[in-house]
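In: heads up, no residue letters with this:
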């Protein structure tokens with residue numbers, strides 16, 4: 001239901017701009033760093049390019065104030081109720097994203113026994129910086145270590161991968177305790193490193209001490225409202241609106257749109273696939289199984305109306321689907337088990353317009369990477385994580401950008 005209301009608000013926003021073009025110049029501000037953001041990456045504002053075929057507004061919530069969206073001018077167009085709908089969809093998507101990161105991070109830690117408390121003699125059997133054979137060349141954004149977010153990591157890896165005497169076998173009880181520790185550490189990571197627009201909890205601030213140097217008053221995770229059009233009606237050539245890239249996020253959360261346009265690259269099959277088309281096929285197959293019309297564009301659901309009562313609400317078919325794409329930060333925290341998704345956006349055909357409303361789940365500013373706190377035993381962390389030890393998340397974000405976008 002939250003996504004359905006968000007789609008209504010997004011449609012209302014772009015319809016208002018179509019009906020009142022002066023809003024683009026007289027009301028909506030251009031892209032700029034949000035006041036009090038604490039980071040040059042926390043931009044907000046409106047942009048239009050490709051002769052108006054691509055329009056989007058970058059929005060962020062004030063930290064701890066979901067009723068306050070930036071830029072404030074968006075509320076003058078949409079009204080408070082629509083802003084609340086967008087805030088609810090943001091919270092719903094962020095909740096899913098944090099769960100995905102938590103589970104993936106905990107699973108990767110359990111895979112390498114990162115939280116098994118080895119005794120002194122057994123821990124010495126595994127060399128510092130140990131990595132599995134297929135992890136010797138981790139990749140970020142499809143780049144090798146020489147070109148990735150950190151450099152100088154390749155030299156010496158062969159020497160530290162000596163597996164002689166690595167014969168320690170933890171007991172079942174030790175593995176159970178280790179899995180609990182891994183889950184607890186992953187929860188800490190999700191709560192402390194992921195910017196869900198809420199302030200850090202008091203317990204985290206106390207535990208982090210000097211590693212939490214303060215965060216801005218604006219969330220680092222934007223909720224972007226977009227519209228992609230194809231006024232040229234090019235049917236033969238599939239124009240790229242955004243070329244192939246990966247995101248500097250933990251995950252990018254994309255509500256499935258009614259018009260397909262997102263493409264994700266499958267490296268194993270060497271093909272681009274469309275998650276939104278997959279969602280539509282799932283919808284149609286499910287409708288057929290129920291003996292219902294597979295061509296339907298809406299469905300009627302029951303929602304709580306208070307006092308044990310319900311009411312019927314009609315929602316668009318695609319409002320039940322959410323695409324979760326791993327980003328570069330999840331590739332890091334999953335110890336390179338989950339690569340960042342290479343994706344692009346292509347223009348709709350036959351003059352169609354496509355709405356999109358992704359949430360880019362990014363890291364908080366002011367927090368430093370604490371490998372032991374989030375990933376357990378340092379001897380199995382691997383050189384890439386160890387290279388990030390003690391680095392502010394803001395600096396990691398900078399380092400993951402193309403060289404042309406990094407700080408001079």
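Out: Nice, thanks for sending it over. Everything quoted here is computed from the prediction, not taken from an experiment.

In: From residue 4, how far out is the nearest residue to residue 5 once chain neighbours are set aside?
Out: Nearest residue to residue 5, sequence neighbours excluded (Cβ to Cβ, 6 or more residues apart in numbering): residue 85, at 3.7 Å. Every C-beta, even on glycine, is put in place using the N, C-alpha and C of the backbone. Distance, residue 85 to residue 4, using Cβ to Cβ, to the nearest Å: 9 Å.

In: Those two: which has the busier surroundings?
Out: Using other Cβ atoms under 10 Å, the more surrounded residue of residue 85 and residue 4 is residue 85, with 23 against 19.

In: Next, give phi and psi for that one.
Out: phi -60, psi -40 (degrees, to the nearest 10).

In: Can you tell me how far it is from residue 302?
Out: Separation of residue 85 from residue 302 (Cβ to Cβ) stands at 19 Å.

In: Ok, residue 397 next?
Out: 43 Å.

In: who does the residue most central in space within the chain bridge with?
Out: Centroid-nearest residue in the chain: residue 251, 2.2 Å away (criterion: Cα atoms, centre = their mean). Beta-bridge partners for residue 251, by DSSP bridges, are residue 326, residue 361.

In: and after the helix or strand bottoming out on mean pLDDT in the chain, which helix or strand comes next?
Out: Confidence across the helices and strands of the chain bottoms out at helix 157-160, with a mean of 38, counting by mean pLDDT, DSSP states H and E. Later in the chain than helix 157-160, the nearest helix or strand by DSSP states H and E is helix 172-193.

In: packing partners for that next one?
Out: helix 80-111, helix 202-208, helix 371-375 (3 or more Cβ pairs under 8 Å, 6 or more residues apart in numbering; DSSP states H and E).

In: where among those helices is the average confidence lowest?
Out: Out of these, helix 202-208 stands lowest, with a mean of 74 (criterion: mean pLDDT).

In: Would you mind getting the angle between the helix or strand just after it and helix 80-111?
Out: Beyond helix 202-208 in the direction of the C-terminus, DSSP H and E gives the next helix or strand as strand 223-229. Relative orientation of strand 223-229 versus helix 80-111 (axes from the mean of the first three to the mean of the last three Cα atoms, to 10 degrees): 110 degrees.

In: neighbouring contacts of strand 223-229?
Out: With Cβ atoms under 8 Å, 6 or more residues apart in numbering as the contact definition, strand 223-229 has outside contacts at 10, 13-14, 52-61, 86, 89-90, 241, 261, 345, 347-348, 351-360.

In: can you check stretch 175-191 too?
Out: 98-99, 101-103, 105-106, 109-110, 113-117, 170, 201, 204, 333, 373-376.

In: Just the buried ones among those residues, please.
Out: 98, 101-102, 105-106, 109-110, 113-116, 333, 374-376 (16 or more other Cβ atoms under 10 Å).

In: so where is the stretch 201-350 of the chain shaky, pLDDT-wise?
Out: 209-214, 232-238, 350 (pLDDT under 70).

In: what are the ranges of the strands in it?
Out: Counting by DSSP state E, counting those that start in this stretch, one finds strands in the stretch 201-350 of the chain at the ranges 223-229, 240-245, 251-255, 262-266, 271-273, 298-306, 309-316, 322-326, 343-346.

In: Now find how far off-centre the last one is within its chain.
Out: Here strand 343-346 shows a centroid-to-chain-centroid distance of 16 Å under the convention Cα atoms, centre = their mean, to the nearest Å.

In: helices and strands around it, which ones?
Out: strand 240-245, strand 262-266.

In: re the thing from before, for the strands of the stretch 201-350 of the chain, state which one has the densest average packing.
Out: strand 251-255 (a mean of 26; mean count of other Cβ atoms under 10 Å).

In: So which elements touch it?
Out: Here strand 251-255 touches helix 2-19, helix 80-111, strand 322-326, strand 359-361, going by 3+ Cβ pairs under 8 Å, 6+ apart.

In: just to revisit the earlier point, the buried ones among the contacts of stretch 175-191: which two are farthest apart?
Out: Using Cβ to Cβ, the two most remote members of the buried ones among the contacts of stretch 175-191 are 98 and 116, lying 25.5 Å apart.

In: Among the helices and strands packed on strand 343-346, which comes closest to residue 80?
Out: Closest among these, using Cβ to Cβ: strand 262-266, at 30.3 Å.

In: ok, the residue lying closest to residue 55 once chain neighbours are set aside - contacts?
Out: Nearest residue to residue 55, sequence neighbours excluded (Cβ to Cβ, 6+ apart): residue 48, at 4.6 Å. With contact taken as Cβ under 8 Å, 6+ apart, residue 48 is in contact with 24, 54, 55.

In: pLDDT score for residue 48?
Out: On the pLDDT scale, residue 48 gets 93.

In: List the buried residues in the helix or strand where it lies.
Out: With secondary structure defined by DSSP H and E, residue 48 is part of strand 43-49. Buried residues in strand 43-49, counted by 16+ other Cβ under 10 Å: 43, 44, 45, 46, 48.

In: any chance of these in TSV, plus distance to residue 278?
Out: Putting the buried residues of strand 43-49 into TSV (distance: Cβ to Cβ, whole Å) gives the following:
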residue	distance to residue 278
43	32
44	32
45	33
46	31
48	30
